[in-house]
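Participant: model this:
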Amino acid sequence: MASKEEMKAVKPASVYSKIQMAIEERDLEETPVLEEEELVEPKLRKPRKGYTAEEIADFRKAGKTSGHKGAAMRRINMAFSDDAYEFIKRGARLYGLNMTQFVNGLILRFMDEHPEVDEAARAWVQLVPFDDKEE
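Facilitator: Just a heads-up that it's a prediction; the model follows:
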């Protein structure tokens with residue numbers, strides 16, 4: 001970094017004149033003209049595909065919503081104990097699934113085996129008014 005004395009020695013007029021000379025030299029240079037065969041057509045994006053409600057439901061059921069506009073699955077951020085996390089990780093590897101697919105499978109299996117839990121929860125929700133702003 002320049003010292004204060006060195007900075008005082010710089011004359012702004014000389015700096016500005018050097019900048020002006022560089023600009024003028026650039027303007028004097030000839031701009032190359034491209035021949036027609038050298039011109040490149042811009043690549044246009046493909047129009048985005050819309051999906052039907054049935055297709056979106058299929059994507060969600062399969063757990064493959066990445067890259068499908070409008071088909072995002074609902075998400076929650078969850079914290080697990082170390083033991084539970086390791087169980088999920090090992091189980092997913094064992095069955096060749098990702099961790100989300102493994103946890104979703106566990107939940108769906110529990111729902112099938114214990115329908116009374118869902119029935120009780122639905123009955124309880126009808127008794128207690130909830131604010132639906134979160135959905």
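
Participant: Okay, and residue 86 sits in which element?
Facilitator: In this assignment (DSSP states H and E), residue 86 forms part of helix 82-95.

Participant: Please apply the same query to residue 25.
Facilitator: helix 12-28.

Participant: that older thread, next SSE after the helix holding residue 86?
Facilitator: Next along from helix 82-95, by DSSP H and E: helix 99-113.

Participant: Spit out the contact partners of the closest residue in space to residue 95 that isn't next to it in sequence.
Facilitator: Counting by Cβ to Cβ, 6 or more residues apart in numbering, residue 95 lies nearest to residue 102, which is 6.5 Å off, once chain neighbours are set aside. C-beta here means a position set from N, CA and C on the backbone, and glycine is covered the same way. Going by Cβ atoms under 8 Å, 6 or more residues apart in numbering, residue 102 touches 88, 91-92, 95.

Participant: distance of residue 123 from residue 93?
Facilitator: Applying Cβ to Cβ, to the nearest Å, the value for residue 123 to residue 93 is 38 Å.

Participant: and those two? which has more neighbours close in?
Facilitator: residue 93 (12 against 9; other Cβ atoms under 10 Å).

Participant: May I see the contacts of residue 102 arranged in a markdown table, with pLDDT and neighbour count as well?
Facilitator: Below are the contacts of residue 102 laid out as a markdown table (pLDDT from 0 to 100; neighbours: other Cβ atoms under 10 Å):
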| residue | pLDDT | neighbour count |
| --- | --- | --- |
| 88 | 95 | 16 |
| 91 | 94 | 15 |
| 92 | 94 | 17 |
| 95 | 92 | 10 |
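
Participant: right, and the secondary structure at residue 78 would be what?
Facilitator: coil (DSSP: H, G, I helix; E, B strand; the rest coil).

Participant: pLDDT averaged over stretch 57-72 - what is it?
Facilitator: When pLDDT is averaged along stretch 57-72, the result is 63.

Participant: now swap in stretch 10-19 and tell me
Facilitator: According to the model, stretch 10-19 has a mean pLDDT of 74.

Participant: CA atoms only for that stretch - export them in CSV, please.
Facilitator: Extracted C-alpha coordinates of stretch 10-19, given in CSV (Å, rounded to 0.1, in the frame of the first residue of the first chain):
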residue,chain,number,x,y,z
VAL,A,10,0.4,11.6,-7.4
LYS,A,11,-1.1,14.3,-9.5
PRO,A,12,-4.8,13.6,-10.3
ALA,A,13,-4.6,15.5,-13.6
SER,A,14,-1.9,13.1,-14.9
VAL,A,15,-4.0,10.0,-13.8
TYR,A,16,-7.1,11.4,-15.5
SER,A,17,-5.2,12.2,-18.7
LYS,A,18,-3.8,8.7,-18.8
ILE,A,19,-7.3,7.3,-18.4
